[in-house]
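Colleague: Whatever this is, show me its structure:
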Amino acid sequence: MKIVFFLSAAFFFLLQGNVSAQAGMPAGIRELLLKGQYGEALAGFDEFIAKNPNDAKAYYSRGSIYSATGEFEKAIGDYTKAIALDPRFAEAYINRGSALSEQKKFDAALADYNKAIALAPAMAEAYNNRGYLLSMRNKHEEAIKDFDKAIGLNPKYSRAYVNKALSLSVLEDRKGAIAVLTELIAQVPDAYEGYMNRAVQYVASGDKKKALADYNKGIALNPSDAQAYLSRSKLRDEAGDHAGAVEDCDMAAGLEPGNAEVYYLRARAEYDLPDYAAVIEDCTRAIQLKPSHSEAYILRGNAYDLRGDYISALKDYGKAIELYPKETAGYEQRAVAKARQKDIVGALSDLSRLLELDPKNVKALMMRGDLYLHENKKEFACEDFKRAEELGNGAAISKRLFNCK
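Modeller: Sure thing, here's the model as predicted:
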């Protein structure tokens with residue numbers, strides 16, 4: 001599951017209520033914003049601003065819509081106008097800083113956050129956003145101080161806890177990250193993002209049982225997050241609950257039918273059941289959605305191979321190699337398939353190419369050594385077993401002692 005740092009939420013719904021109270025504000029604009037009808041809301045603000053050109057909050061609110069739609073240059077223009085009309089408008093500095101940060105104009109963004117803190121030192125969002133900016137510049141120790149300040153000002157500020165935990169994890173303090181997220185959950189028992197992020201930290205720490213429990217809780221709190229189902233699916237599949245993993249992917253497919261990863265992960269679980277016909281169908285769907293999905297080609301190739309369709313398997317392995325010629329998985333799987341079909345020369349060729357890319361691949365060394373023995377090329381086989389032994393492979397010792405002088 002992809003986890004990212006969080007900026008503070010836009011303030012436009014709060015401030016829009018203030019603006020709406022003014023004469024001439026288009027009726028129903030709040031409802032338009034809540035429905036995500038940004039085009040109509042912008043038209044309403046355009047009309048209002050034309051009649052009220054000195055209303056700083058109107059510019060701020062329109063800028064917030066531009067931010068929400070990714071039009072950061074326009075957003076910055078409106079925030080700048082709001083600040084010109086009201087130089088003590090701290091929220092406008094925060095949101096302009098966020099828009100500047102999105103454009104990677106970090107120095108200007110930092111100046112805005114500093115100004116907001118000077119104007120409103122009790123505003124937790126300003127510290128969170130400055131911490132976010134510092135984390136993006138890999139200044140995690142400084143960022144953590146800002147996240148702590150935000151939490152001190154607002155002990156239920158979920159985003160600050162999550163951001164602090166992420167900075168700690170970057171600093172390889174996963175125990176500390178888990179403790180921060182546990183504190184968040186104690187403060188806000190229904191903090192969905194707390195459970196989801198703590199699950200990620202548990203996975204990274206190797207405690208998959210606790211991670212699964214957190215995914216269960218998070219999904220119960222928010223059953224509409226496809227990524228949560230996919231993350232839980234991976235854990236269930238690894239734990240041997242392949243049917244449960246398929247069920248999670250089914251849920252994710254209902255939520256995000258255009259996500260290629262849904263079908264690939266379901267295919268992985270189906271492969272473990274095994275249900276090779278389903279694997280081929282789901283990998284085909286993943287490839288249709290993402291033609292560069294080399295893992296789906298390899299997995300489908302494996303399913304074809306195990307069903308006896310050697311030609312289709314080779315075609316899929318070849319496609320994966322064509323897409324990413326410097327990745328080793330395609331060569332490895334094609335070598336296995338060729339060896340199974342007694343194409344020893346072809347298998348040796350693929351393994352040799354693999355070892356050019358990854359000279360320390362012990363599995364490939366051992367397999368190539370065995371194939372060399374099959375071809376009565378003991379000198380080459382012994383060299384591979386020797387290299388595998390030097391890399392710490394215990395089985396290579398007995399292979400070498402038994403077959404080599």
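Colleague: Residue 302 and residue 317, how far apart?
Modeller: From residue 302 across to residue 317, the span is 9 Å (CB to CB, to the nearest Å). Quick note: C-beta positions are derived from backbone N, CA and C, even for glycine.
Colleague: Quickly list what's touching both of these two.
Modeller: residue 333 (CB atoms under 8 Å, 6 or more residues apart in numbering).
Colleague: could I get stretch 185-199 in CSV with only the CA atoms?
Modeller: Extracted C-alpha coordinates of stretch 185-199, given in CSV (Å, rounded to 0.1, in the frame of the first residue of the first chain):
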residue,chain,number,x,y,z
ILE,A,185,-5.3,5.5,17.6
ALA,A,186,-5.6,6.0,21.4
GLN,A,187,-6.5,9.6,20.8
VAL,A,188,-8.7,8.9,17.8
PRO,A,189,-10.0,5.3,17.9
ASP,A,190,-11.6,5.6,14.5
ALA,A,191,-8.5,7.0,12.8
TYR,A,192,-8.5,4.9,9.7
GLU,A,193,-5.2,6.3,8.5
GLY,A,194,-3.6,5.3,11.8
TYR,A,195,-4.5,1.6,11.3
MET,A,196,-3.5,1.6,7.6
ASN,A,197,-0.1,3.3,8.3
ARG,A,198,0.6,1.1,11.3
ALA,A,199,-0.1,-2.0,9.3
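Colleague: still on that earlier bit, between residue 302 and residue 317, which is the more surrounded one?
Modeller: residue 317 (29 against 22; other CB atoms under 10 Å).
Colleague: so that one makes contact with residue 333?
Modeller: Yes - here residue 317 reaches residue 333: they are 5.4 Å apart, a contact under CB atoms under 8 Å.
Colleague: Quick check: neighbours shared by these two?
Modeller: 298, 301.
Colleague: Could you pull out the helices in the stretch 1-150 of the chain for me?
Modeller: Applying DSSP state H, counting those that start in this stretch to the stretch 1-150 of the chain gives helices spanning 12-20, 29-34, 38-51, 56-68, 72-85, 90-102, 106-119, 124-136, 140-153.
Colleague: Could you export the ones you listed as JSON lines, including mean neighbour count, mean pLDDT and distance to residue 177?
Modeller: Putting the helices of the stretch 1-150 of the chain into JSON lines (neighbours: other CB atoms under 10 Å; pLDDT from 0 to 100; distance: least, CB to CB, whole Å) gives the following:
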{"stretch": "helix 12-20", "mean neighbour count": "18", "mean pLDDT": "33", "distance to residue 177": "31"}
{"stretch": "helix 29-34", "mean neighbour count": "17", "mean pLDDT": "77", "distance to residue 177": "34"}
{"stretch": "helix 38-51", "mean neighbour count": "17", "mean pLDDT": "89", "distance to residue 177": "35"}
{"stretch": "helix 56-68", "mean neighbour count": "25", "mean pLDDT": "90", "distance to residue 177": "29"}
{"stretch": "helix 72-85", "mean neighbour count": "20", "mean pLDDT": "96", "distance to residue 177": "30"}
{"stretch": "helix 90-102", "mean neighbour count": "26", "mean pLDDT": "94", "distance to residue 177": "23"}
{"stretch": "helix 106-119", "mean neighbour count": "18", "mean pLDDT": "96", "distance to residue 177": "24"}
{"stretch": "helix 124-136", "mean neighbour count": "26", "mean pLDDT": "93", "distance to residue 177": "13"}
{"stretch": "helix 140-153", "mean neighbour count": "20", "mean pLDDT": "97", "distance to residue 177": "11"}
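Colleague: How many residues are close by residue 223?
Modeller: Neighbours of residue 223 (other CB under 10 Å): 11.
Colleague: do residue 374 as well
Modeller: Residues near residue 374, counting by other CB under 10 Å: 14.
Colleague: If we ignore the residues flanking it in sequence, what's nearest it?
Modeller: Spatial nearest neighbour of residue 374, excluding adjacent residues (CB to CB, 6 or more residues apart in numbering): residue 344 at 6.2 Å.
Colleague: what sits against that neighbour?
Modeller: 338, 371, 374, 375.
Colleague: By neighbour count, which of those residues wins?
Modeller: Of the contacts of residue 344, with other CB under 10 Å as the count, residue 338 tops at 23 neighbours.
Colleague: helices and strands around the helix or strand harbouring that residue, which ones?
Modeller: Per DSSP states H and E, residue 338 falls inside helix 329-340. Counting contacts by 3 or more CB pairs under 8 Å, 6 or more residues apart in numbering; DSSP states H and E, helix 329-340 packs against helix 294-306, helix 310-323, helix 344-357, helix 362-374.
Colleague: buried set for the helix or strand just after the last one?
Modeller: Using DSSP H and E, the next helix or strand after helix 362-374 towards the C-terminus is helix 378-390. Along helix 378-390, these residues count as buried under the neighbour rule (16 or more other CB atoms under 10 Å): 381, 382, 383, 384, 385, 386, 387, 388, 389.
Colleague: Please name the nearest non-neighbouring residue to residue 295.
Modeller: residue 264 (6.3 Å).
Colleague: Pop the domain breakdown of this structure in here.
Modeller: 1-120, 368-405 (automatic domain parsing).
Colleague: Quick one, which of these gets closest to residue 358.
Modeller: domain 368-405 (11.3 Å; CB to CB).
Colleague: Can you name the residues that contact residue 316?
Modeller: Contacts of residue 316 (CB under 8 Å, 6+ apart): 297, 298, 300, 301, 304.
Colleague: do you know how far the residue nearest to residue 374 is from residue 368?
Modeller: In terms of CB to CB, residue 344 sits 10 Å off from residue 368.
Colleague: can you list the weak-confidence ranges in the protein?
Modeller: 1-27 (pLDDT under 70).
Colleague: again, 80 this time
Modeller: 1-31, 33-34, 405 (pLDDT under 80).
Colleague: and among the helices and strands packed on helix 329-340, the most buried is which?
Modeller: Ranked by mean neighbour count, the helices and strands packed on helix 329-340 are led by helix 294-306 with a mean of 24 (mean count of other CB atoms under 10 Å).
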